[in-house]
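Undergrad: Here is my input, please return the structure:
(2 chains)
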Amino acid sequence: MSSETPNGGHAKPPIPTPAKKVPAWNIEKRNDRLYEVTTLHKWFAISSLLLFVFTVVMILADYSREWKRYQREFTRFSIDRATQDKNKAAATIDRNKYAQFQNELAAAQKSIDQNAAAIAPLQKKLDSLNADFYRIDNDLKSAKAYYGTDRYTLDEAVAAAAKDPKKQPEADRARKALDKDEKAMSELQAKRDALTLQIAATKSELEKYIGKRDEAVKGKETTLANYNRVKGQLEALDPGFLITTIRNAPVMDMLNASEKVQQILLTNLYNDEPFKQIARVDRCTTCHLGIDNTRNDKLPQPFRSHPKPELYIASASPHPIETFGCTSCHGGLDRSTGFQDAGHTPRDEKQKEEWKKKYGWYVDEFLTTPMLAMNKVEAGCYKCHNGSADVPLAPALDGGRDLIRIYGCFGCHKIPGYEGVRKVGPDLATVSGKLTKDWVQKWLANPKDFKSEARMPRFWNNSNNSGNVGGVDWDKRSAAEIHAITEFLWSKSKPRVLPAVNPSGNAAHGKELVETIGCFGCHAVGSIDATPAQPQIRRRHGFNLAAEGSKVSASWIYNWVKDPKLVWPETKMPSLRLTDSEAGDITAYLVSLKNDAWAAKPLPTVDTAALDAVVLEFLRAGATNTEAQAKLAKMSLDEKNLMAGERLVRRYGCFGCHNIPSMEKEQPIGTELTEAGSKLVAQLDFGFMPIEHERAEWYTQKLKDPRSFDVKRVKTPEELLRMPNFTFNDKDVSSIVMVLTSLVKDRVPKEMVQQVPSAIAAGRQLIDEKNCKGCHVIEKMGGDIRGFLKDKQEKFPPDLNTEGFKTQPMWLSKFIKDPSFVRIRPFLDARMPTFHFTEKEISTLTAYFSAVDKADYPFISTAIDTTPEKLRIGAQVFNAIQCAKCHPTGSSTPPGKKPEEYAPNLNLVASRLRPEWTIIWLDDPQKIFPGAGMPASFPDFPKSAIKDVLDGDAKAQIEAIRDYLFITLGGGQKAAN
Amino acid sequence: MESIQHIINYLADPKILIVMAAALLLISLKYPQKFYSNITGIGVFSAMAIFLGLSIFDPNFQKIVTKPDNVPIVGMLFLVPFFTWFSLREAVRNDKRKEEGKMLIEQEETAEKVLTWPDLVYTELICMVVLTVVLIGWSLLLKAPIEDPANPGSSPNPSKAPWYFLGLQEMLVYFDPWLAGVLFPGLIIVGLGAIPYIDTNPKGNGYYTLKERKWEIGTFLFGFLVLWILLVVLGTILRGPNWSFFGPYEFWDLHKLEALVNVNLSEYIWVKGLHMGLPSNPLIREMFGFMAILVYYLALPPLFAKKWFKQFYTNLGPIRFQIMMFLLLTMAALPIKMILRWFFNLKYIVGIPEYFFNI
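TA: Presented below is the predicted three-dimensional model:
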């Protein structure tokens, strides 16, 4: 800045001149300044102090991490426990032995003292030899090193000389140097060997005097081994306050801190980022420090051990933590070490509130892979366990997948695992022979009105298409749409010609039959009495029988129950081999199930204007309004109905669930759900729903009320959301949401995916398709009919545990093909139905059962290696334990029992069972089928109550019975010996 | 309360906001004594503080203002007006002193000598230390706003440039990238560099004055405050998803739509004016636009030299005058285009999308 006045007119201000020359650096003394230097000093002091304070605060802020607090707390827990361990170990020291070694040591020391004169020179000699050895050994190591480098020099020189003969002298020199090295080395080696011998000799001489002492010291240490180990652990954990503080202090902690981030590097598992897969680095164990030690199962979180150590974490488990880490199953941000950043997700509202208070938790909109809540954690299994219809040990996820199969979500949405599954709804190609137009119209308006358990969802009267929406009177429009669709379906339908029958029967007996012969494995009448332990999802496999009488005619029902395949060849319903009178009784019962209130409801009248509006909407596509109007005017009412009906069927995607002639090849209309669990929240339309903007919340709302995102929106009819309302209950919704969450895009390396043998995968698929688990327990799942039978345990259809190991493949395939050829359990009311399986399906099933039990298949030997003596003893034991009291055999029947109380006929044993299985069964039937009617005949296994036979050896006696059953009773094969 | 919020939301609309800001600047320069006084300063800044203090209770406002990357802009909202006000207050005071024949403020101050060492260097050192303290404190209080991993399949909405480029991004609303992103920024730098060579007014060297440099200061402040700082603030606080405008109390709804009904000048003339179809040859189609541009850049400078800027022309000489006019016209092009867009829905003056050439 110039002191010149810019525009003149002002006098130059006087510049004060220094009175005395003071050196420039001496700012305190200089008086030619404007500002007080002392003031500047003060400001400098204050700002420097502030800088210091802020720097310290910065270091502390960087230093004080959430995880360190947890590590300190865990160390306290560990120290407490190690101290207890130490005290325990101290108490278990063998004090007598210790004292004994102590005495031995004293005695040995005494003898050493006495022989001091002899020992001293020996010890001196040994010390000197050791010193020599050390020196020579070092020299030898150096000589070897020189030899190595000189050998390299020689190689190089030889190579150079080969190219250029002038360089030969260099190679010669190198050769000489190497020779010298070799000589030096061998001399040193000789010296070293000599010393080794001398040392050994001196040592053994010395040993004579001090050997006892060494032994005593060693013995003493052995008695203290456990105590010292535990003590060492404690010392490692707690090296004292000073050392702990210093090594973990800021800056110092870069050296060897005890508080540090723990991580597991997973080279096989990736974070799936766009265009890049980044290896996962799980740092969860930084806080979850006790996860791998079952001793921590009572500690508070985050230190508790994994609740299922047999499945996870441990090296011997199927999911060792070193290869699977944590986030590959649980989700969350792998590298994070903070509670919020890691993406913890609360399991319910209560926990959410708790976390908000405790950790200031919030929904992180930027986290694309939040952790799965603990009650949804099964969703994490699917990305690897997707090779078969069932996910092992994930009942909730499996339940959700069952629901998807039962309700046919895959009809509209592509969902992995349901490829090629038959459409869930009935075939509409013959609908006109089964139902009336009036019934169908009323049904379509709201299937739940007819019966609340209807599986068919509601397309009309939903939150976006009832009442007046955007100027459309949906009451009128719905009636017109439904009428048009019905007319269209009838135009496509050709009734099947069925035998003319006029059924009659006893409804009460029919009810009894329906409840007992096994219908309730797949069906129910009215609401199902579900419990958490037995949700009976599979009883929704077949439609609910409620109000059946208000739906179809008696003759149709009769034909259907008598032979379902006759009415609909593709049906999944098996034949129960009903007699005419049984079929009549059941028909009478089903006809009696009516919904009179519904039947009395009037049919809404169809408004032609509403129909015109619908037709016009379709005509407008690709045409001007005038053209469309002209076309409309030319159309007859029938043409309008058929056209609107066809277009509406396409709009609503009815062919997703039903076979409709001319629409067999239509593509499903719903959004693909293959990667539903990775869908970005930004891609979901939340409408005006006041819910958390979160993926799972959206799916939950979508399933509860699929159309709710349209509410308050202004949309034309063709823009409305189309997903129908299934009126799922909260539990169903949560199971299905879990399935959707499980469908993530993460790619897992092949070797980490569970490889389900194809025999098992195919079997499970077929078993699910035919709903075998509605009656049977298979692989510990299913048996849903038990939920209805409740405590009538003796009426439970058999548990198929060990079935593959139990039955002979030939027998099993014969039985599956036609179960009527033999009645094994006369005491059961339920019948094994005839499924009309194809040969391929039969072999799929038999191969499946064998594969599950890892039993031989299909060729097995049933020949038994036995002796006549053994057979005799078998007969004796057979009588002693009174097998024939319950089981009929070829020659006798159980005395005083009605045929329907008989246990399985023992004549079947030889052709049906596998000999090896019979042995484990006889040992303890309850082990295989808990609750089986057969008691354990050898409760004191391996001792038997029959002491005078075969020395009371239960195993030998069981074998004898088995041989008797197979050979004597069954006429089975003896092994050629 | 809600109606006040509605009014403020309405007034924050770019067209109203920018016009109001420009008008305010103009009026303030017209009556500087009234505007750049202590009382007005205290009034304006306390009004701003009260506005911020009250508005912070609105959840939507709070969300935008307290976002860690927006905090500096909020600071700028106070700092830039403060320094503008402060310097112009000094200028007003100096102008008054001069009228009264008194010594200027700077003259009074420099009457006493200020030494580089220790006074300046020491003060600078203290400033450095204090600034470091402030930065450390700031970084401790506000965490770096880290979002989800970059995903080209789902880019963040709104996608925003760094705050200092938001003025450029706002220009993209009115101009194509080659203009708003390449030519204009280049010309801003060149133009700023050219100022010392164009500005021959020797007054104001080393002291604050408004009276003696009203034109220069006015032009600069219009360019800097209205066409840069205001656009940065607008881009930060009032532009939400899809670059739609959102009032300060409005929720940033992803689904807010703006009707895209702008038309080109060629359509105005050929279709609306002449009731003809658009010529297929783009050069013929756009000839009126080209003519307008040519007139703007070639005819206006001589006209200005003859009519309104006679004094400038004599002072600067033809070449310097031509350069100044070019830069000035280019700067004026932005508000002109804004006005044309707001009031006539004009999309492009010259629109040749076939060659990506749009003006």
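Undergrad: Show me which residues of the stretch 351-500 of chain A sit near chain B.
TA: A:366-368 (Cβ under 8 Å from any Cβ of the partner chain). (Each C-beta comes from the backbone N, C-alpha and C, glycine too.)
Undergrad: which one of the residues you listed sits closest to chain B?
TA: residue A:366 (4.0 Å; Cβ to the nearest Cβ).
Undergrad: neighbours around the residue in chain B that chain A sits nearest to, how many?
TA: Residue of chain B nearest chain A, by Cβ to the nearest Cβ: residue B:111 (3.3 Å). Using other Cβ atoms under 10 Å in any protein chain shown, residue B:111 has 15 other residues around it.
Undergrad: Format the residues of the stretch 351-500 of chain A next to chain B as CSV; extra columns: secondary structure.
TA: CSV is the format used below for these (DSSP: H, G, I helix; E, B strand; the rest coil):
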residue, secondary structure
A:366, coil
A:367, coil
A:368, coil
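Undergrad: Touching, residue B:242 and residue B:158? I think so.
TA: Yes. Distance between residue B:242 and residue B:158: 6.9 Å, which falls inside the contact criterion (Cβ atoms under 8 Å).
Undergrad: Return the list of helices and strands in contact with the worst-scoring helix or strand of chain B on mean pLDDT.
TA: Lowest mean confidence among the helices and strands of chain B (mean pLDDT, DSSP states H and E): helix B:105-110, at a mean of 81. Of the remaining helices and strands, those touching helix B:105-110 by 3 or more Cβ pairs under 8 Å, 6 or more residues apart in numbering or on different chains; DSSP states H and E are helix B:71-100.
Undergrad: Check the offset of the helix it packs on from the chain's centre.
TA: Averaging C-alpha coordinates over helix B:71-100 and over its chain gives two centres that are 17 Å apart (Cα atoms, centre = their mean, to the nearest Å).
Undergrad: can you pull the buried residues of that helix?
TA: Along helix B:71-100, the positions that meet the burial threshold by neighbour count (16 or more other Cβ atoms under 10 Å in any protein chain shown) are B:73-74, B:76-77, B:80-81, B:84-85, B:88-95, B:97-98.
Undergrad: what sits up against stretch B:316-334?
TA: Counting by Cβ atoms under 8 Å, 6 or more residues apart in numbering or on different chains, stretch B:316-334 makes contact with B:171, B:174-175, B:184, B:187, B:190-191, B:194, B:197-198, B:200, B:219, B:223, B:227, B:296-297, B:300-301, B:304-305, B:309, B:312-313, all of which sit outside it.
Undergrad: ok, now stretch B:301-314?
TA: Residues outside stretch B:301-314 that contact it (Cβ under 8 Å, 6+ apart): B:321-322, B:324-326, B:329.
Undergrad: Buried among those? Need that as a selection in ChimeraX.
TA: The following ChimeraX command selects only the buried members of the contacts of stretch B:301-314, with burial defined by 16+ other Cβ under 10 Å:
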select /B:321,324,325,326
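Undergrad: mind giving me the domain ranges of the chain?
TA: No chain specified, so I'll use chain A. A:94-223, A:261-371, A:425-497+A:607-669, A:868-969 (automatic domain parsing).
Undergrad: if you could check chain B rather than the one you did, that'd help
TA: Structural domains of chain B, as assigned by automatic domain parsing, span the residue ranges B:2-104+B:160-243, B:107-144, B:265-358.
Undergrad: since we're on the residue in the stretch 751-900 of chain A positioned nearest to chain B, how many residues are nearby?
TA: The nearest approach of the stretch 751-900 of chain A to chain B comes at residue A:752, 23.1 Å away (Cβ to the nearest Cβ). Around residue A:752 there are 15 other residues, counting by other Cβ under 10 Å.
Undergrad: And for residue B:49?
TA: One way to gauge burial is a neighbour count; for residue B:49, by other Cβ under 10 Å, it gives 11.
Undergrad: residue ranges with poor pLDDT in the chain?
TA: You didn't say which chain, so I picked chain A. Scanning chain A for pLDDT under 70 picks out the ranges A:1-35, A:976-977.
Undergrad: look at chain B instead
TA: Scanning chain B for pLDDT under 70 picks out B:112-113.
Undergrad: rewinding a little: pull out the buried members of the contacts of stretch B:316-334.
TA: Those of the contacts of stretch B:316-334 that meet the buried threshold are B:171, B:174-175, B:184, B:187, B:191, B:194, B:198, B:219, B:223, B:227, B:296, B:301, B:304-305, B:309, B:312-313, by 16+ other Cβ under 10 Å.
Undergrad: Would you confirm that residue A:310 contacts residue A:294?
TA: No. Using Cβ under 8 Å, residue A:310 makes no contact with residue A:294, being 9.8 Å away.
Undergrad: How about the residues of the stretch 1-150 of chain B by chain A?
TA: Residues of the stretch 1-150 of chain B found near chain A, taking Cβ under 8 Å from any Cβ as the criterion, are B:101, B:103-104, B:106-108, B:110-115, B:117-119, B:122-123, B:125-126, B:129-130, B:132-133, B:136-137, B:139-140, B:146-150.
Undergrad: Now which of those residues would you call buried?
TA: By neighbour count, with 16+ other Cβ under 10 Å, those hold B:103-104, B:106-107, B:110, B:115, B:118-119, B:122, B:125-126, B:129-130, B:133, B:136, B:148 as buried.
Undergrad: For the most centrally placed residue in chain A, give its distance to chain B.
TA: For chain A, the residue nearest the mean C-alpha position is residue A:381 (2.7 Å; Cα atoms, centre = their mean). Counting by Cβ to the nearest Cβ, to the nearest Å, the gap from residue A:381 to chain B is 25 Å.
Undergrad: is it true that that residue touches residue A:396?
TA: No. The pair residue A:381 and residue A:396 does not pass the contact test of Cβ under 8 Å, sitting 10.4 Å apart.
Undergrad: Let me see the ranges of the helices in the stretch 751-900 of chain A.
TA: All helices of the stretch 751-900 of chain A, identified by DSSP state H, counting those that start in this stretch, fall at A:758-770, A:786-789, A:803-806, A:809-817, A:839-852, A:868-880.
Undergrad: got it, and the stretch 1-150 of chain B?
TA: Counting by DSSP H, counting those that start in this stretch, the stretch 1-150 of chain B has these helices, from start to end: B:2-11, B:14-30, B:32-35, B:38-55, B:59-65, B:71-100, B:105-110, B:121-141.
Undergrad: Redo the ones you listed as a markdown table? Include distance to residue A:720.
TA: Rendered in a markdown table, the data for the helices of the stretch 1-150 of chain B read as follows (distance: least, Cβ to Cβ, whole Å):
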| stretch | distance to residue A:720 |
| --- | --- |
| helix B:2-11 | 32 |
| helix B:14-30 | 36 |
| helix B:32-35 | 57 |
| helix B:38-55 | 39 |
| helix B:59-65 | 30 |
| helix B:71-100 | 42 |
| helix B:105-110 | 72 |
| helix B:121-141 | 49 |
